[in-house]
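Give me the fold of what follows.
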Amino acid sequence: MKRLARNLFVFGTIASLTVIVLIISGSLNTLSNDGVINPSIATVSIILYWALGSICCWCLSQFKNRWRQILLALSTFIICIAIIEIALRITWPNLALREFEFLRSQSQHHVLMPNTSYHLGILEGRDVIVTTNADGLRSSYSQQQYKNGKQRIVCLGDSFTFGAWVDARDSYPEQLERILNSTKRQECRVLNAGMLSYSPLLHEQLLKRSLMKYRPTVVTLMLDCTDIGDDYHYSQDFDSSRQGGIFVGTTVTKSTPHFGALWRLIKPLQPAILSPLKLVRRLGVDFRAHDPLDYYHFRIPVGDHVESDRFFIYRYPLVKTRRYFDFTYSRITSIARFCKKRDIKFILFVAPRYHHWSTTESPRNWEFGVYGNYKQYQYEWFNYFNEKKMTAEFPIVSLLTEFQETSRYPLVFDSDPHWNEAGNRFVAEAVARALEDRKLIDPTNHK
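This is a model prediction of the structure:
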């Protein structure tokens with residue numbers, strides 16, 4: 001046993017040193033998702049697994065004479081881990097939840113796991129929890145519960161509809177439901193079908209593949225200024241004729257392993273611990289790397305320039321960006337026609353960002369540096385859709401004037417551009433008025 005342990009230790013040490021040298025030289029970069037291995041993470045990973053292997057070799061060499069001590073030490077270690085885990089779950093329950101992450105999807109680009117509770121994170125001192133239903137939507141409704149409603153509204157949108165950094169009950173779709181049901185009318189159900197970083201191209205896939213099972217009577221789409229760039233970005237990886245899936249990659253990627261509160265606590269070490277598992281997964285023939293923030297890393301040609309962020313529409317007149325607006329509008333029209341064929345009413349809302357109506361909202365916005373003072377053409381966003389109102393096959397409602405005329409403050413977070421609870425309430429009220437004014441919902445109760 002001792003000879004075997006010694007040979008394994010020597011082999012492991014030589015192999016570890018060899019791999020470190022190859023990593024530093026760049027010879028193994030082809031094994032990385034992005035073509036360049038992070039030497040720090042790789043070195044820490046090798047050292048960790050070398051240390052673990054060394055301990056195993058020592059235990060193997062001493063097991064015959066010290067097996068009681070070895071088993072006692074192992075048992076003590078496991079008990080200590082269990083005690084720490086229990087203590088963390090009691091003192092900080094949210095730490096035991098899965099950290100928020102997307103899974104890559106062949107049919108919808110990125111999705112959330114079904115029937116899962118996520119810890120979205122902490123913003124301005126508040127923990128935010130996201131819980132999904134059986135279809136990966138931020139809703140407590142099952143399909144049958146939702147279909148029990150006489151009027152069934154599906155709210156499409158991105159993170160603003162999803163309710164980023166607010167509790168689910170404070171998102172505008174859930175507040176909309178309470179507003180509609182507070183008056184005398186047939187019972188309404190409102191489904192939050194918003195998803196972070198979705199755009200009309202992805203909304204269309206979600207509607208066709210998942211949401212029709214809920215049998216909606218009304219579909220709303222809340223459009224954000226980032227949707228123009230997102231649609232272009234996602235379209236580069238989209239092919240409706242592709243066999244097996246319209247987006248490149250696996251059907252659905254595997255989620256990041258989650259082992260509880262202590263696992264979350266050692267997050268800085270997670271990349272090093274998981275590196276070997278990721279390497280094995282990368283060797284799969286259908287592997288497709290998925291950067292959950294890849295919508296921040298794209299290139300879009302505008303005139304003689306190549307822009308690299310989603311707010312490029314703020315920096316150019318409409319004559320230079322119209323083709324990108326037109327593409328998004330074509331996807332919206334496709335959604336509207338899909339709904340019309342099924343006797344589903346459709347309405348588009350065009351939402352402003354805080355800087356469209358206020359100079360004092362969100363003074364510490366983390367995203368300010370992306371668009372900063374380069375907003376010369378920020379209102380072209382509304383000009384385009386105002387043009388379309390006359391010829392559109394569906395109602396288009398801009399929320400800009402409502403925001404500009406309100407005295408309510410604040411409506412967004414201090415350090416993030418998303419609507420706070422009051423902002424979501426304001427939007428829910430505006431959407432309710434638009435639905436009623438255009439008779440998209442029944443204003444009376446016939447029960």
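
Find the nearest non-adjacent residue to Ser199, please.
Nearest residue to Ser199, sequence neighbours excluded (C-beta to C-beta, 6 or more residues apart in numbering): Asp230, at 3.7 Å. For glycine as for every other residue, the C-beta is placed from the backbone atoms N, C-alpha and C.

Using the centroid of this protein, identify the residue furthest from it.
Largest separation from the mean C-alpha position in the chain: Asn65, at 53.7 Å (C-alpha atoms, centre = their mean).

Which other helices and strands does the helix or strand that contains that residue contact?
Under the criterion of DSSP states H and E, Asn65 resides in helix 39-91. Identification of packing neighbours for helix 39-91 by 3 or more C-beta pairs under 8 Å, 6 or more residues apart in numbering; DSSP states H and E yields helix 2-25, helix 261-265, helix 270-282.

Report the rounded mean pLDDT for the longest one.
The one in question is helix 2-25. Averaged across helix 2-25, pLDDT comes to 89.

Put the alpha carbons of that helix into PDB.
Only the C-alpha atoms of helix 2-25 are listed here, as PDB (Å, rounded to 0.1, in the frame of the first residue of the first chain):
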ATOM      1  CA  LYS A   2       2.800   2.400   0.900                       C
ATOM      2  CA  ARG A   3       4.600   1.800  -2.400                       C
ATOM      3  CA  LEU A   4       1.300   2.300  -4.300                       C
ATOM      4  CA  ALA A   5       0.600   5.500  -2.400                       C
ATOM      5  CA  ARG A   6       4.100   6.800  -3.000                       C
ATOM      6  CA  ASN A   7       3.900   6.100  -6.700                       C
ATOM      7  CA  LEU A   8       0.600   7.800  -7.000                       C
ATOM      8  CA  PHE A   9       1.900  10.800  -5.100                       C
ATOM      9  CA  VAL A  10       4.900  11.100  -7.400                       C
ATOM     10  CA  PHE A  11       2.900  10.700 -10.500                       C
ATOM     11  CA  GLY A  12       0.300  13.200  -9.400                       C
ATOM     12  CA  THR A  13       3.000  15.800  -8.500                       C
ATOM     13  CA  ILE A  14       4.800  15.400 -11.800                       C
ATOM     14  CA  ALA A  15       1.500  15.600 -13.700                       C
ATOM     15  CA  SER A  16       0.400  18.700 -11.800                       C
ATOM     16  CA  LEU A  17       3.700  20.500 -12.400                       C
ATOM     17  CA  THR A  18       3.600  19.600 -16.100                       C
ATOM     18  CA  VAL A  19       0.100  20.900 -16.500                       C
ATOM     19  CA  ILE A  20       1.000  24.200 -14.800                       C
ATOM     20  CA  VAL A  21       3.900  24.600 -17.200                       C
ATOM     21  CA  LEU A  22       1.700  23.900 -20.200                       C
ATOM     22  CA  ILE A  23      -0.900  26.400 -19.000                       C
ATOM     23  CA  ILE A  24       1.600  29.100 -18.500                       C
ATOM     24  CA  SER A  25       3.000  28.500 -22.000                       C
END
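
for that helix, packing partners?
Using 3+ C-beta pairs under 8 Å, 6+ apart, helix 2-25 is in contact with helix 39-91.

So the residue lying closest to Tyr49 once chain neighbours are set aside versus Gly303, what's the distance?
Nearest non-adjacent residue to Tyr49, counting by C-beta to C-beta, 6+ apart: Pro276, 7.0 Å away. The spacing between Pro276 and Gly303, counted by C-beta to C-beta, to the nearest Å, is 46 Å.

Looking at the two, which is more packed in?
Pro276 (13 against 10; other C-beta atoms under 10 Å).

measure the more buried one to Val431 for me?
49 Å.

Let's check: the centremost residue of this structure is which one?
For the chain, by C-alpha atoms, centre = their mean, the most central residue is Leu196; offset 4.0 Å.

Quick one: mean pLDDT for stretch 139-157?
Averaging pLDDT residue by residue across stretch 139-157 gives 97.

In it, which of the residues would be classed as buried?
Ser139, Tyr141, Tyr146, Gly149, Gln151, Arg152, Ile153, Val154, Cys155, Leu156, Gly157 (16 or more other C-beta atoms under 10 Å).

out of these, who's nearest Lys267?
The nearest member of the buried residues of stretch 139-157 to Lys267, counting by C-beta to C-beta, is Ser139 at 28.5 Å.

just checking, that closest one touches Gly194?
No. With contact defined as C-beta atoms under 8 Å, Ser139 does not count as touching Gly194 (9.8 Å).

Tell me the helices and strands packed up against the helix or strand containing Leu202.
Per DSSP H and E: Leu202 is located in helix 200-209. The contact analysis (3+ C-beta pairs under 8 Å, 6+ apart) places helix 200-209 against strand 151-157, strand 188-194, strand 218-223, helix 227-235, helix 318-341.

With distance to Pro410 added, can I get the ones you listed in TSV?
What follows is the helices and strands packed on helix 200-209, written out as TSV (distance: least, C-beta to C-beta, whole Å):
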stretch	distance to Pro410
strand 151-157	21
strand 188-194	21
strand 218-223	20
helix 227-235	24
helix 318-341	29
